[in-house]
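*Asks:* following is a predicted model, sequence given first.
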Amino acid sequence: MKKMKHVDKAKIVFLAILMVALCHGSAKAQFTSYSNMLNTTMVASQSLFTAQTAVNKQRESMRVAAGQSPYGSTPAAQPPARQYAITATDFRALSGPIMPDQFADSATGVTPEVREQMRAFFKQVLTAFEKDARQNNIASAFAFITAAALQVRNGKEPTNAEAVQLIAHFNNALANSPSYYTLNPRQQQMLYESLILTGGIIVFLDAQGKQLNNPQMRDKAMEMSKQVLRAYLGI
């Protein structure tokens, strides 16, 4: 059995990817191409939460019908979802990384040199993530991109406890969703890598925007973060 990695290393993962971002300043002018890649990730992942969203809306309707706030805390009206072991969202990678090449090749308006820099950046992001996070686990990838978005929105890194909660949330939501089981292994690998790379792009844009005092880059990071939080957490 694959050795389980601890999920209390969120700060290490963020620091590693932040260092990759800060050391990769040569690609800073291509942030538009980076940010456009969010669409690839969002389209690939959105359908997984259709069933979960429907359940959440049904619960909100039940609370409203009972005269309670749709945003209130009502444990009696919200029975906890089934809890799954983290292995429920593990997958077996079929090959080496897929999405660094696809992301780099899909970039528009860049020189061959910059395209290679982007390819190297994407590979470094995956390596930084997998050094300390759980490899080949889709819940951890969803938690990472969401944590990256929360970091940009809130101006601070999520705590280890918050990271653990995010992983558990996505692990249970995915394992409870019939759509998750329709993905074949290659699709799982592509989704996993796309989530991590997009999270890395968000961190990159925010870090470079601060370092270079570039409000456009920071605004783009915030825009992407809001899209992620709206899609995955309903915020």
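*Replies:* Great, that's in hand. Numbers count the residues shown, from 1 in each chain.

*Asks:* assumed residue 157 was part of a strand.
*Replies:* No. Going by DSSP: H, G, I helix; E, B strand; the rest coil, the assignment for residue 157 is coil, not a strand.

*Asks:* give me phi/psi at it?
*Replies:* Main-chain torsions, residue 157, degrees, to the nearest 10: phi -70, psi 150.

*Asks:* count the neighbours of it for me.
*Replies:* 18 (other C-beta atoms under 10 Å). Quick note: C-beta positions are derived from backbone N, CA and C, even for glycine.

*Asks:* same check on the one 4 residues further on?
*Replies:* Residues near residue 161, counting by other C-beta under 10 Å, number 10.

*Asks:* what helices or strands is the helix or strand hosting it leaning on?
*Replies:* Element membership of residue 161 [criterion: DSSP states H and E] is helix 160-175. Packing contacts for helix 160-175, counted by 3 or more C-beta pairs under 8 Å, 6 or more residues apart in numbering; DSSP states H and E, involve helix 10-23, helix 138-154.

*Asks:* separation between residue 130 and residue 124?
*Replies:* 11 Å (C-beta to C-beta, to the nearest Å).

*Asks:* for residue 206, same thing?
*Replies:* Between residue 206 and residue 124 the distance, using C-beta to C-beta, works out to 17 Å.

*Asks:* neighbour count winner among the two?
*Replies:* residue 206 (25 against 19).

*Asks:* what's the helix ranked longest in the chain packed up against?
*Replies:* Taking DSSP state H as the criterion, the chain has its longest helix at helix 185-211. If you count contacts as 3+ C-beta pairs under 8 Å, 6+ apart, helix 185-211 packs onto helix 10-23, helix 31-36, helix 38-46, helix 99-106, helix 112-132, helix 138-154, helix 215-232.

*Asks:* average pLDDT across the shortest one?
*Replies:* In this case it means helix 31-36. Across helix 31-36, pLDDT averages out at 58.

*Asks:* helix or strand with the lowest mean pLDDT in the chain?
*Replies:* helix 50-65 (a mean of 45; mean pLDDT, DSSP states H and E).

*Asks:* mind listing what's buried along stretch 220-233?
*Replies:* Residues 220-222, 224-225, 227-229, 231-232 are the ones in stretch 220-233 that count as buried (16 or more other C-beta atoms under 10 Å).

*Asks:* can I get those residues in CSV with distance to residue 155 and pLDDT?
*Replies:* CSV is the format used below for the buried residues of stretch 220-233 (distance: C-beta to C-beta, whole Å; pLDDT from 0 to 100):
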residue, distance to residue 155, pLDDT
220, 16, 87
221, 12, 88
222, 10, 93
224, 16, 88
225, 11, 91
227, 18, 88
228, 16, 89
229, 14, 90
231, 21, 84
232, 20, 84
